[in-house]
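Trainee: Quick one, fold the following:
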Amino acid sequence: MGSRTIQQRAHERTMRGSVGFLLCSLLLALSGTEMADQADQSDPKMSCANWMGGAPGHPGHNGLPGRDGKDGKDGQKGDKGEPGLQGVKGDTGEKGATGAEGPRGFPGHMGMKGQKGESSYVYRSAFSVGLTERAPHPNVPIRFTKIFYNEQNHYDSSTGKFLCSIPGTYFFAYHLTVYMTDVKVSLYKKDKAVIFTYDQFQENNVDQASGSVLLHLSLGDEVWLQVYGEGNNNGVYADNINDSTFMGFLLYPDTDDR
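Mentor: Just a heads-up that it's a prediction; the model follows:
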């Protein structure tokens, strides 16, 4: 009896499957035209499958990769980053070729006025004179009255003295003709003899005596020539063909003392 029951149950399940299949086929036949119009929207087999409730299928294989999409638009500019650390100094590169000369620039603005420079004034003081008296008096300045040069008038022919108007270093020289007797002369500065010259006269002859010296003079100093000794030592002579001369000039001034 138990074996018969099992066979009956199996037969009932088979019948149910056949009846279901027949009902599905009938439904498909009745709605053939309508189902044909809707073929793209539904699948008859799926309706039957849903009605029968079959098991899910296995996942399909991955499809091929799609084509690259279009480039997107540039985004907004980001914020400025923090400065990086200074790198190590690189090696000096080779000197490049000289470039073409650029266009000439416009003239610059006038600069500031410079400091005042040294004076362009040229300091001058000089004289050159000659004797006209044959026998000057001793122990007094010899008056040289023949003027060769005295543009600044620093030599006074009335006194025979040179007066310093520009402090500085001067050069003085004299060349005297000696005749008739011996000559003893000296060059004075501020009432003090600086150099002495002596020449012994040779009878029936004309001789010469000369001297020169560099002196530093201050403002107001006087310089002159003078015969010293007795009257037999004043053989300084001059005539139309023989001259006795006295000269002096400034070498360089003491500009800081003025």
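
Trainee: so what strands line up beside whichever strand in the chain runs longest?
Mentor: In the chain, assigned by DSSP state E, the strand with the most residues is strand 168-189. Strand pairing for strand 168-189, using DSSP bridges, gives strand 192-199 (antiparallel), strand 207-217 (antiparallel), strand 222-227 (antiparallel), strand 234-237 (antiparallel), strand 245-253 (antiparallel).

Trainee: Would you single out the least confident of those strands?
Mentor: Ranked by mean pLDDT, these bottom out at strand 234-237, which scores a mean of 85.

Trainee: between the strands paired with strand 168-189, which gets nearest to G84?
Mentor: strand 245-253 (68.3 Å; CB to CB). Backbone N, C-alpha and C define where each C-beta goes, glycine included.

Trainee: What would the closest one look like as PDB? C-alpha coordinates only.
Mentor: Output of strand 245-253 as PDB, limited to C-alpha atoms (Å, rounded to 0.1, in the frame of the first residue of the first chain):
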ATOM      1  CA  THR A 245     121.400 142.000 -12.200                       C
ATOM      2  CA  PHE A 246     119.200 140.800  -9.400                       C
ATOM      3  CA  MET A 247     116.100 138.500  -9.700                       C
ATOM      4  CA  GLY A 248     113.700 136.300  -7.800                       C
ATOM      5  CA  PHE A 249     110.400 134.400  -8.300                       C
ATOM      6  CA  LEU A 250     107.800 132.200  -6.500                       C
ATOM      7  CA  LEU A 251     108.200 128.500  -6.900                       C
ATOM      8  CA  TYR A 252     105.000 127.400  -5.100                       C
ATOM      9  CA  PRO A 253     102.800 129.100  -2.600                       C
END
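
Trainee: Just the pLDDT for A55.
Mentor: With respect to pLDDT, A55 scores 80.

Trainee: Determine the angle, from 0 to 180 degrees, between the host helix or strand of S128 and strand 168-189.
Mentor: Taking DSSP states H and E as the criterion, the element that holds S128 is strand 126-130. Strand 126-130 and strand 168-189 meet at an angle of 30 degrees, taking axes from the mean of the first three to the mean of the last three CA atoms, to 10 degrees as the criterion.

Trainee: Tell me which other helices or strands strand 126-130 touches.
Mentor: Other elements packing on strand 126-130 under the criterion 3 or more CB pairs under 8 Å, 6 or more residues apart in numbering; DSSP states H and E are strand 146-149, strand 245-253.

Trainee: what residues are up against T169?
Mentor: Going by CB atoms under 8 Å, 6 or more residues apart in numbering, T169 touches L214, L215, H216, L217, L250, L251, Y252, D254.

Trainee: For burial, what's the neighbour tally of the closest residue to it other than its chain neighbours?
Mentor: Using CB to CB, 6 or more residues apart in numbering and skipping residues adjacent in sequence, the residue nearest T169 is L251, 4.7 Å away. Other residues lying near L251 total 11 when counted by other CB atoms under 10 Å.

Trainee: if I look at L251, how far off is C164?
Mentor: Between L251 and C164 the computed distance is 13 Å (CB to CB, to the nearest Å).

Trainee: joint contacts of these two?
Mentor: Joint contacts of L251 and C164 (CB under 8 Å, 6+ apart) are Y170.

Trainee: circling back: return a PyMOL selection command for the buried portion of the contacts of T169.
Mentor: Buried members of those, defined by 16 or more other CB atoms under 10 Å, are picked up in PyMOL with:
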select buried, resi 215+217+250
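
Trainee: ok, the contacts of T169 vs I142, which is closest?
Mentor: Among the contacts of T169, L215 lies closest to I142 (CB to CB), at 17.6 Å.

Trainee: Name the residues linked to the closest one by a beta bridge.
Mentor: Beta bridges link L215 to Y170, judged by DSSP bridges.

Trainee: cool, A209 as well?
Mentor: Bridge pairing for A209 - DSSP bridges - gives L176.

Trainee: Do I have it right that it meets L187?
Mentor: No: assessed by CB atoms under 8 Å, A209 is found out of contact with L187, at 12.0 Å.

Trainee: Can you pull the poorly scored residue ranges out of this structure?
Mentor: Scanning the chain for pLDDT under 70 picks out the ranges 1-53, 117-120, 135, 230-231, 256-258.
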